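Undergrad: the sequence and its predicted three-dimensional model are supplied below.
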Amino acid sequence: MTSGRLREDLAATARPRLRRARLLPHGQFERRVLGLFLVLAVVLAGTVGKLVSIQVLRGEHLALIGADQRDEFQTLPAQRGRLYDRSGEVLAASVAATSVWANPSAFRSTTAEDGTVTAPAQDVDEAVRVLTTLLGVPPETLRERLTGPGDFVWLARQLDVGVADRVAALVAAGDLAGVGTTPEPRRTYPGGSLAAQILGTTDIDGVGLGGMELWHDAQLVGQPGWQAFERSRDGAVIPSGTREVQPPVPGIDVVLTLDRQLQYTAERVAQETVEATGAVGASIVVLEVGTGEVLAMASAPTVDLNDRAALEEDLLRNRAVTDNFEPGSVQKAITAAAAIEEGVVAPDTVLEVADSLAVGSKVFTDAHEHPTEEWTFAEVIERSSNVGTIMVAQELGDERLADWLARFGYGRPTELGFPGEARGQVRPVEEWWGTSLPTVAIGQGVSVTLVQAANAYATIANDGVAVRPHLVRGTVGPDGVLQPVAESSGHRVISAETAQQVRAMLTAVVDGDHGTGARAAVAGHAVAGKTGTARKPRTDGRGYAGTYIASFVGMAPADDPELVVAVMVDEPTPIYGGLVAAPVFSQVMEEALRRQHVESALAGPSLETALRDAEIARRRAERAAAEAAAAAAVGPVQDALE
Amino acid sequence: MSALQLPRRVLRRVATSPRRAVAAAPRLVVVPPPARHPLALTVTSLLLLGVAVFMAVTFNALAADEAVHARQLDQRLRAAEAEYSQLLAEVAALESPARIAAAAEELGLVRVDHPRQLHVRRLLPADGAADVEPAPGERTDRLKPLLADG
């Protein structure tokens, strides 16, 4: 296209416009422009007005409505901390589960103000038919919940994820309107009844109700998180929408001092004893000497923690900590320790012991009739003579005996820290009367918990140094590192010499010719301990009932104890500690020594030790032979050089 | 390329117009408009706009894809954690002493009164059991259990 041609085209295009403009009547163009401006102004004003209305006047309200339709907020439950035994075996854990809920209003027909009746969103019969199979809930229960008042009701809680997924699929397919699912972790106890009274349990909402679950609830519970995101009208998540996540903080794990296998053995033996003797209950405590760690704490009867319907307060009672009992002759070791420490008596002090002794208005007798005999104090303890012990206690006196009971931890909690720990009962010495001293000296009229008794014996086992017993080894945070609890420094109660003398006397109780605790013997180990058979006081506090507590508390190996085991059997038949509690001690102590790898000092070296010694000897011999051969080879060369 | 240019006589007339000469102190000169290419400009603009829209859509899609991916990873992580907890509990239940004892009884095993156990210890340098040095020239595998050695 040439420039001349272009110019002509432009001119031709321009000319008609100029002509049309000239044809408009005078002022019409301005009027049109003005009209157009007015129209635009009105439209603009309307737009601005609407904007003001939306953004300013109703902005907050509309934003809320929009957010309500679009925004989704979910709570992310925190993983409750686990409970481990001393080796890291899981005792309690939380697993993923899902709960199913319903909105009963979706199952109700509604009537509007104008009388229009709207059918329910979901047919009750159909929902009941589908859900009763899936959830395993009786149809009548489901119907009652679905047709009840309100807008929310749980249908089933903490189901396996698979079941909940099937419900969720039905909901997503639109076959179950008014029903929903929500994640809700379930607490599970892999051992079932193992350490049930120690672990305690939680309610269905995961709040600790007893035992460790209650005691360490603040650490275990964690911090729930949340997530906010946007959903479209059809319920799909908008990928590019706003999304905020506050992840949950899991609870802290708690590592106990319990040994799972030993705990199982103790519980098994306790349960077998209850069944064999018809006892009301039995408790066993295993303490590690020196550290105060509770390796086992069993109570029978027990209950499966996973069976919520069977959980009863009585079965969840940690008898070793919450129940006071009169220790009976087990107390004589404490009386003996006090008397020896005070210099009142020595193990070889000879006493003239009759089989009965009148103190005030009451006559105390030994368990068996015998003529008046001369026994050493060690024999008094070996034979568990009430009369001989009372004679020594009378030399000791009220004040000093009461003082020593307090030093051994009687009358106050052991600082174990377990919920509901009893303190035992020791009447203030000012309130003692004529028969208080003799009764207390032989373990009546005074009560302790089994943990207190075990701890008192652990003091004797630990050469006179008391260490605070404890059940928690430490905690494990998100970093996975065990944070051990602060160790108790311990304090001296009696001298090491006194402790050793008492241990020697207690050893005679088990292996002596007249000892009452022969059934407590453990093959391959020397055992020291004391039997106890105590009458139970009446529940109204007036005198004693015709029932008994059988007990045995002891330690092993006797010369350098590593473990203390305390056994208490409530109302057994037969009643004697030597017959009922001592065998229990033997079984549990044997397992405890094996678990702690305590080698027998009586039966020669173990196979492991023998093999190790043989290996060491073989290598030493080989090394010596090699060195000799090397020296033989070097010798001629040196001779030649010289 | 062509540009709109008025005939010279017109330009001359305008330039020599007495009215203009009087009114305007500086002489006005009609400057030829810059060369323009409407079609290319339009095409370029459309291309740029298209590219911009494409990039915006692509970026948005990529962001959405990453968001979906992140959500999926988050869900997988949570599912894996839940599965780990579940498996941990199942293993603990399977290892439960009561279950093992029951299974052993079912298999006909009986409990003995005084069981003995073998504790196999490893010859580790830090292990107190390995307090013997190897003989000169001896080939030792200190990680093998003592009972398997030799």
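TA: In hand now; what should we look at? Residues are numbered from 1 along each chain as shown, chains lettered A, B, ... in the order given.
Undergrad: A:Arg233 - how many residues pack around it?
TA: 7 (other Cβ atoms under 10 Å in any protein chain shown). The C-beta positions use only the backbone N, C-alpha and C, and glycine is treated the same way.
Undergrad: ok, for it, nearest residue in space, not its chain neighbours?
TA: A:Gln69 (7.3 Å; Cβ to Cβ, 6 or more residues apart in numbering or on different chains).
Undergrad: identify the single longest helix in chain B, thanks.
TA: Ranked by residue count under DSSP state H, the longest helix found in chain B is helix B:38-94.
Undergrad: avg pLDDT for the helix or strand following it?
TA: As assigned by DSSP states H and E, the chain's next helix or strand after helix B:38-94 is helix B:97-106. Helix B:97-106 carries an average pLDDT of 94.
Undergrad: elements contacting helix B:97-106?
TA: helix A:260-277 (3 or more Cβ pairs under 8 Å, 6 or more residues apart in numbering or on different chains; DSSP states H and E).
Undergrad: next one: the helix it packs on to chain centre, how far?
TA: 19 Å (Cα atoms, centre = their mean, to the nearest Å).
Undergrad: ditto for stretch A:360-376
TA: So, by Cα atoms, centre = their mean, the centroid of stretch A:360-376 is 47 Å from its chain's centroid.
Undergrad: equivalent analysis for stretch A:178-191, please.
TA: That offset, for stretch A:178-191, works out to 20 Å (Cα atoms, centre = their mean).
Undergrad: can you list the buried residues in stretch A:406-414?
TA: Residues A:Arg407, A:Phe408, A:Gly409, A:Tyr410, A:Gly411, A:Pro413, A:Thr414 are the ones in stretch A:406-414 that count as buried (16 or more other Cβ atoms under 10 Å in any protein chain shown).
Undergrad: between which two of those residues is the distance greatest?
TA: Using Cβ to Cβ, the two most remote members of the buried residues of stretch A:406-414 are A:Arg407 and A:Pro413, lying 15.4 Å apart.
Undergrad: in space, what's closest to A:Asn324 - neighbours in sequence excluded?
TA: A:Asn324's closest residue in space is A:Ser447 (Cβ to Cβ, 6+ apart), at 3.9 Å.
Undergrad: what do you get for A:His470?
TA: A:Gly292 (5.7 Å).
Undergrad: show me where the stretch 101-250 of chain A has its strands.
TA: Secondary structure of the stretch 101-250 of chain A (DSSP state E, counting those that start in this stretch): strands at A:110-111, A:117-118, A:153-159, A:179-183, A:186-188, A:225-230, A:244-246.
Undergrad: contacting residues for the residue nearest to A:Ala300 when sequence neighbours are not counted?
TA: Leaving aside its sequence neighbours, A:Ala300 sits nearest to A:Ala270 (Cβ to Cβ, 6+ apart; 3.8 Å). Neighbouring residues of A:Ala270 by Cβ atoms under 8 Å, 6 or more residues apart in numbering or on different chains: A:Ala282, A:Ser283, A:Ile284, A:Ala298, A:Ser299, A:Ala300, A:Val584.
Undergrad: adding pLDDT and distance to A:Asp366, write those out as JSON lines.
TA: Shown next, in JSON lines, are these (pLDDT from 0 to 100; distance: Cβ to Cβ, whole Å):
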{"residue": "A:Ala282", "pLDDT": "96", "distance to A:Asp366": "27"}
{"residue": "A:Ser283", "pLDDT": "97", "distance to A:Asp366": "27"}
{"residue": "A:Ile284", "pLDDT": "97", "distance to A:Asp366": "28"}
{"residue": "A:Ala298", "pLDDT": "96", "distance to A:Asp366": "32"}
{"residue": "A:Ser299", "pLDDT": "95", "distance to A:Asp366": "32"}
{"residue": "A:Ala300", "pLDDT": "93", "distance to A:Asp366": "31"}
{"residue": "A:Val584", "pLDDT": "97", "distance to A:Asp366": "24"}
